[in-house]
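>>> Sequence unavailable; structure follows:
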């Protein structure tokens, strides 16, 4: 499990250093929500530009990574909320199902994740890959602790059903 | 039978309280469905970790920051500006206090000069008193500034209080003018000149024969 490395909140980290350390994670996180590589790359660009512009307003009451994830989350969900987003990506390969209609062939994990709503994908990424605690997930997603527990359980439940072909 | 699938999800995340874990383990011994759920959640966890680790990333292009965005530590300019304005306020305050003390100094100089002048003015009055005519009940003539003081014998008495000789009084009078002339502060000079002007208008109110030697002069 990839444990999150939280920098000392009082330690200043320059933008290039932040990019080097967290760009990959921001990319993967954005990909889990946007489900499109090009969009995820754009998201990384946008996240660091927004961070650079709002650097002075970063009050260091959370870690740098958490702050970047929050910026990424806001950007990604706004992007999805854009009414043109679906029509732009309707025929993209990332959205096409890669399994055959033969239901005996097991669906891949990647395809299963594509089936999940973005909100569930996000929670699974933050927990399974970033290793965030429920409290940290609540900080990024602005959900309550109880809500995180319940939604994460539902995400796992739905993923399990998709993988088993029961969806 | 109640199932513990949500508790299993928390257990897999290491977020299940110890006291609930005991209940869960007890339930797992009896419920195959929950055992399958635990097994599936653990398997998914492993696969998801591998999946995310193996995602290919190509961010070699880096990021293109807009020109107006500065890279690196931004200096907070407000703090130095605050200290600068505070220092400027302190300096201005000190300058004001210094100026105030200078004004007080000038005021004290003026007061000391005025006091000195007052003494000189008293002596000057003494000089002028020699030229005043005392109006006796028998004599209704008007008082003129340069009238001589005459006693009943029409002799000019000696002013016993004025022990200074006229030439010395004249010297004092000239000294007063010299002070006025050489004082560099125009405000003080004007004040002294006004005082001199007022003192020159000396009016005699009432005198008697007994006051002849020491004429009572009430000046303005």
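Arrived safely. Quick caveat: nothing in here was measured; it's all calculated off a predicted structure. Numbering: from 1, shown residues only, chains lettered A, B, ... in the order given.

>>> now residue A:54, nearest residue through space, not along the chain?
Distances taken as Cβ to Cβ, 6 or more residues apart in numbering or on different chains put residue A:71 closest to residue A:54, at 7.9 Å, once the chain neighbours are dropped. Every residue, glycine included, has its C-beta placed from N, CA and C.

>>> swap in residue B:42?
Nearest to residue B:42 is residue B:12, by Cβ to Cβ, 6+ apart, at 6.2 Å.

>>> Pull the contacting residues for the one you found.
By Cβ atoms under 8 Å, 6 or more residues apart in numbering or on different chains, the contact list for residue B:12 reads A:156, B:38, B:41-42, B:45.

>>> And the pLDDT at the residue nearest to residue A:54?
With respect to pLDDT, residue A:71 has a value of 92.

>>> Counting by contacts, list what the strand or helix carrying it packs against.
Assessed by DSSP states H and E, residue A:71 sits inside helix A:64-81. In terms of contacts (3 or more Cβ pairs under 8 Å, 6 or more residues apart in numbering or on different chains; DSSP states H and E), helix A:64-81 is packed against helix A:15-34, helix A:37-53, helix A:118-124, helix A:134-141.

>>> is it possible to export these to a markdown table including mean neighbour count, distance to residue B:7 and mean pLDDT?
Formatted as a markdown table, the helices and strands packed on helix A:64-81 follow (neighbours: other Cβ atoms under 10 Å in any protein chain shown; distance: least, Cβ to Cβ, whole Å; pLDDT from 0 to 100):
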| stretch | mean neighbour count | distance to residue B:7 | mean pLDDT |
| --- | --- | --- | --- |
| helix A:15-34 | 21 | 25 | 90 |
| helix A:37-53 | 20 | 34 | 90 |
| helix A:118-124 | 21 | 17 | 93 |
| helix A:134-141 | 19 | 14 | 93 |
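
>>> what's the distance between residue B:29 and residue A:23?
For residue B:29, the distance to residue A:23 equals 47 Å [Cβ to Cβ, to the nearest Å].

>>> do residue A:137 as well
Residue A:137 is 21 Å from residue A:23, where distance means Cβ to Cβ.

>>> continuing past the helix or strand where residue B:34 lies, what's the next helix or strand?
Element membership for residue B:34, per DSSP H and E: helix B:32-53. Toward the C-terminal end, the helix or strand that comes next after helix B:32-53 (DSSP H and E) is helix B:78-129.

>>> and that next one, anywhere near chain A?
No: against chain A, helix B:78-129 shows no contacts by Cβ under 8 Å from any Cβ of the partner chain, the least distance being 9.8 Å.

>>> What is that helix packed up against?
Judged by 3+ Cβ pairs under 8 Å, 6+ apart, helix B:78-129 is in contact with helix B:166-182, helix B:186-200.

>>> tell me the centre residue of chain A?
By Cα atoms, centre = their mean, chain A has its centre lying nearest to residue A:29, at 3.0 Å.

>>> could I get the helices and strands packed on helix A:64-81 as a markdown table with distance to residue B:187?
Shown next, in a markdown table, are the helices and strands packed on helix A:64-81 (distance: least, Cβ to Cβ, whole Å):
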| stretch | distance to residue B:187 |
| --- | --- |
| helix A:15-34 | 65 |
| helix A:37-53 | 61 |
| helix A:118-124 | 81 |
| helix A:134-141 | 72 |
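
>>> for these, which one sits closest to residue A:162?
Between residue A:162 and the helices and strands packed on helix A:64-81, the shortest gap by Cβ to Cβ is with helix A:118-124, which sits at 10.6 Å.

>>> Skipping its backbone neighbours, what lies nearest residue A:129 in space?
Distances taken as Cβ to Cβ, 6+ apart place residue B:52 nearest to residue A:129, at 3.8 Å, with adjacent residues excluded.

>>> The one you found is in contact with residue A:28, isn't it?
Yes: between residue B:52 and residue A:28 there is a contact under Cβ atoms under 8 Å: 5.7 Å.

>>> Which pLDDT value does the model give residue B:131?
Listed pLDDT for residue B:131 reads 53.

>>> for residue A:100, same thing?
With respect to pLDDT, residue A:100 scores 39.

>>> sorry, back to before: tell me the angle the helix holding residue A:71 makes with helix A:134-141.
If you take axes from the mean of the first three to the mean of the last three Cα atoms, to 10 degrees, helix A:64-81 sits at 50 degrees to helix A:134-141.

>>> Now do helix A:64-81 against helix A:15-34, angle only.
Using the same axes, to 10 degrees, helix A:64-81 lies at 40 degrees relative to helix A:15-34.

>>> how far does helix A:64-81 sit from the chain's center?
Offset of helix A:64-81 from its chain centre (Cα atoms, centre = their mean, to the nearest Å): 8 Å.

>>> who touches that helix?
Helix A:64-81 is contacted by residues A:4-7, A:13, A:18, A:22, A:25-26, A:29-30, A:33-34, A:39, A:43-44, A:46-48, A:50-51, A:54, A:58, A:62, A:85, A:118, A:122, A:126, A:136, A:139-141 when judged by Cβ under 8 Å, 6+ apart.

>>> tell me the contacts of residue A:112?
By Cβ under 8 Å, 6+ apart, the contact set of residue A:112 is A:159, A:162-163.

>>> roughly how far apart are the residue nearest to the centre of chain A and chain B?
Residue A:29 sits at a distance of 9 Å from chain B (criterion: Cβ to the nearest Cβ, to the nearest Å).

>>> Let me see the contact set for that residue.
When contacts are counted by Cβ under 8 Å, 6+ apart, residue A:29 touches A:69, A:72-73, A:122, A:125-126, A:130.

>>> Rebuild those residues as JSON lines, extending it with distance to residue B:105.
Formatted as JSON lines, those follow (distance: Cβ to Cβ, whole Å):
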{"residue": "A:69", "distance to residue B:105": "69"}
{"residue": "A:72", "distance to residue B:105": "70"}
{"residue": "A:73", "distance to residue B:105": "70"}
{"residue": "A:122", "distance to residue B:105": "77"}
{"residue": "A:125", "distance to residue B:105": "78"}
{"residue": "A:126", "distance to residue B:105": "75"}
{"residue": "A:130", "distance to residue B:105": "74"}
